[in-house]
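J.: Sequence first, predicted model second:
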Amino acid sequence: MRRAVPVIVVSGFLGAGKTTMVNHLLRSRSGARIGVVVNDFGDVSIDALLVAGAVDGAVRLGNGCICCTADADTLGEVLGGLVAPAAGLDAVLVETSGLAEPAAVARMVIATADPRIGYGGLVYLVDAENLDALRPDNPEIDRHIALADLLVVNKVDRVDARTRDRVLDGVRALNPTAAVVATVDGAVDPGLLLDIPDDRDTGPRQLELADLLVAGDDETGHDDHHHAHTRYESLSVTADRPLHPRRLAAFLERPPAGVYRIKGVVELAGADRHRLVVHAVGGLLDVTTAPGRRASAQRSVRQSDLVAIGAGMDAPTVRATLQELETRTDETVDAQAALGVTRHLRTPTPRRAGAQT
Ligand SMILES: Nc1nc2c(ncn2[C@@H]2O[C@H](COP(=O)(O)OP(=O)(O)OP(=O)(O)O)[C@@H](O)[C@H]2O)c(=O)[nH]1
């Protein structure tokens with residue numbers, strides 16, 4: 001079963017750099033095909049859409065603020081067209097107007113009840129240059145920062161290092177669990193937001209899951225001094241024993257600070273084992289049954305692979321939490337435990353008579 005297409009809500013105060021970031025992602029040649037829903041079509045350059053080859057994936061949602069003028073049904077219809085398999089999109093970005101209530105838009109995406117649509121999280125852009133001046137008159141900014149799954153502190157080229165660090169500390173204080181990156185021109189690393197497909201010939205070489213891991217460990221220096229701030233980190237584990245469903249559910253629903261999204265193929269322990277593909281962002285889970293059961297020459301079919309992707313993660317804590325997901329040899333897991341994860345399955349596990357799980 002095809003995974004639901006993640007729909008990522010991009011929000012931020014007027015002029016924070018939302019369109020700049022969306023255009024950056026469209027131009028990034030990541031290999032991911034991205035659809036865009038914008039409040040003001042004029043904001044997204046057609047050039048960028050052409051570069052990304054995602055011309056069919058752009059929808060303008062009337063004039064006016066998305067959270068006031070659209071309801072879940074309207075947005076659901078628009079998104080339904082974009083996530084149709086024929087569109088072949090890997091992700092959809094919903095860029096809200098600068099005055100939108102991001103929680104309302106996120107709720108609309110979640111409320112669409114279309115199994116092809118998955119909520120991809122709330123990305124909130126912060127204007128590093130103007131945050132201090134804006135906060136007193138716009139108290140909602142603090143609330144929006146607190147709600148975000150990923151905070152992009154943009155325009156750091158417009159402030160000195162001390163101000164940048166103060167703004168970063170300030171947003172972390174308002175939202176201690178979100179992943180936080182500092183950017184110029186919204187240049188977030190696409191791998192933080194998007195799954196980079198490995199089966200399309202759109203560049204010299206596509207990033208694979210394994211590359212994400214390598215990218216996270218690669219600390220080679222770069223002359224671009226912003227690079228270190230904009231890159232994501234990823235941590236992974238491979239477990240030979242099945243994972244404990246309750247610990248896995250807790251990890252997916254309440255990931256450690258700095259983790260933006262989690263993905264993996266997991267084998268659950270319990271009387272009725274399931275091999276599942278899990279994706280999580282912002283505590284929302286997208287769980288499907290893993291396709292096929294073939295083990296490759298190197299991999300055991302019982303193995304679980306999990307990757308946590310984020311920015312500003314405490315690596316030892318995340319790694320330890322990942323490692324603790326594996327069941328211990330002396331541990332028994334009751335059959336009910338799996339429900340913590342399987343209740344998030346979008347369709348029931350197909351069963352064959354006598355099938356062993
Ligand atoms: N110096 C600097 N300018 C930036 C940066 N990011 C965006 N800008 C500029 O800031 C202005 C606003 O950026 P947009 O991307 O249009 O911001 P927006 O959040 O989409 O704006 P609204 O749609 O009006 O809410 C543009 O002129 C951008 O070129 C940055 O990191 N540094």
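T.: Structure received.

J.: just how off-centre is the host helix or strand of Glu77 within its chain?
T.: Assessed by DSSP states H and E, Glu77 sits inside helix 72-83. Relative to the centre of its chain, helix 72-83 is centred 19 Å away, using CA atoms, centre = their mean, to the nearest Å.

J.: Show me which residues of that helix are buried.
T.: 72, 75-76, 78-79, 82-83 (16 or more other CB atoms under 10 Å). Bear in mind the C-beta positions are built from the backbone N, C-alpha and C, glycine included.

J.: do stretch 150-169 as well
T.: 150-156, 159, 164, 167-168.

J.: Which of the residues you listed fall within helices?
T.: 164, 167-168 (DSSP state H).

J.: of those residues, list those near the ligand.
T.: Within the set of those, contact with the ligand (CB under 6 Å from any ligand atom) is found for no member.

J.: coming back round to it: farthest pair in the buried residues of stretch 150-169?
T.: By the measure CB to CB, Leu150 and Val159 form the most distant pair in the buried residues of stretch 150-169, at 20.2 Å.

J.: circling back: could I get the buried residues of stretch 150-169 in JSON lines, plus columns for pLDDT and distance to Leu322?
T.: Converted to JSON lines, the buried residues of stretch 150-169 look like this (pLDDT from 0 to 100; distance: CB to CB, whole Å):
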{"residue": "Leu150", "pLDDT": "96", "distance to Leu322": "20"}
{"residue": "Leu151", "pLDDT": "96", "distance to Leu322": "23"}
{"residue": "Val152", "pLDDT": "97", "distance to Leu322": "25"}
{"residue": "Val153", "pLDDT": "97", "distance to Leu322": "27"}
{"residue": "Asn154", "pLDDT": "97", "distance to Leu322": "30"}
{"residue": "Lys155", "pLDDT": "96", "distance to Leu322": "34"}
{"residue": "Val156", "pLDDT": "96", "distance to Leu322": "31"}
{"residue": "Val159", "pLDDT": "96", "distance to Leu322": "35"}
{"residue": "Arg164", "pLDDT": "95", "distance to Leu322": "31"}
{"residue": "Val167", "pLDDT": "96", "distance to Leu322": "30"}
{"residue": "Leu168", "pLDDT": "96", "distance to Leu322": "26"}
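
J.: Arg254 is in contact with Leu285, isn't it?
T.: No: at 11.4 Å, Arg254 does not count as touching Leu285 under the criterion of CB atoms under 8 Å.

J.: between these two, which one's more packed in?
T.: Using other CB atoms under 10 Å, the more surrounded residue of Arg254 and Leu285 is Leu285, with 23 against 11.

J.: so what's the more buried one closest to, chain neighbours aside?
T.: Of all residues not flanking Leu285 in the chain, His344 sits nearest, at 4.0 Å (CB to CB, 6 or more residues apart in numbering).

J.: can you pull the contacts of Pro245?
T.: Contact partners of Pro245, counting by CB atoms under 8 Å, 6 or more residues apart in numbering, are 268-270, 333, 337-342.

J.: and with 6 Å instead?
T.: Shown in contact with Pro245 (CB atoms under 6 Å, 6 or more residues apart in numbering): 268, 337-338, 340-341.

J.: Next step: these restricted to helices.
T.: Under the assignment DSSP H, the contacts of Pro245 contribute 340-341 to helices.

J.: Closest one of the contacts of Pro245 to Leu26?
T.: Set against Leu26, the nearest of the contacts of Pro245 by CB to CB is Val341 (34.0 Å).

J.: doesn't Arg319 fall inside a helix?
T.: Yes: secondary structure of Arg319 (DSSP: H, G, I helix; E, B strand; the rest coil): part of a helix.

J.: Distance of it relative to the ligand?
T.: Look at Arg319 and the ligand: by CB to the nearest ligand atom, to the nearest Å, they are 32 Å apart.

J.: and that residue, what does it touch?
T.: With contact set as CB under 6 Å, 6+ apart, Arg319 has these partners: Leu235.

J.: and the gap between it and Thr238?
T.: According to CB to CB, to the nearest Å, Arg319 stands 12 Å off from Thr238.

J.: hmm, back to that, neighbour count, pLDDT and distance to Asp142 added to the contacts of Pro245, as JSON lines?
T.: Converted to JSON lines, these look like this (neighbours: other CB atoms under 10 Å; pLDDT from 0 to 100; distance: CB to CB, whole Å):
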{"residue": "Leu268", "neighbour count": "25", "pLDDT": "88", "distance to Asp142": "39"}
{"residue": "Ala337", "neighbour count": "20", "pLDDT": "84", "distance to Asp142": "38"}
{"residue": "Ala338", "neighbour count": "25", "pLDDT": "82", "distance to Asp142": "39"}
{"residue": "Gly340", "neighbour count": "19", "pLDDT": "84", "distance to Asp142": "33"}
{"residue": "Val341", "neighbour count": "24", "pLDDT": "87", "distance to Asp142": "34"}
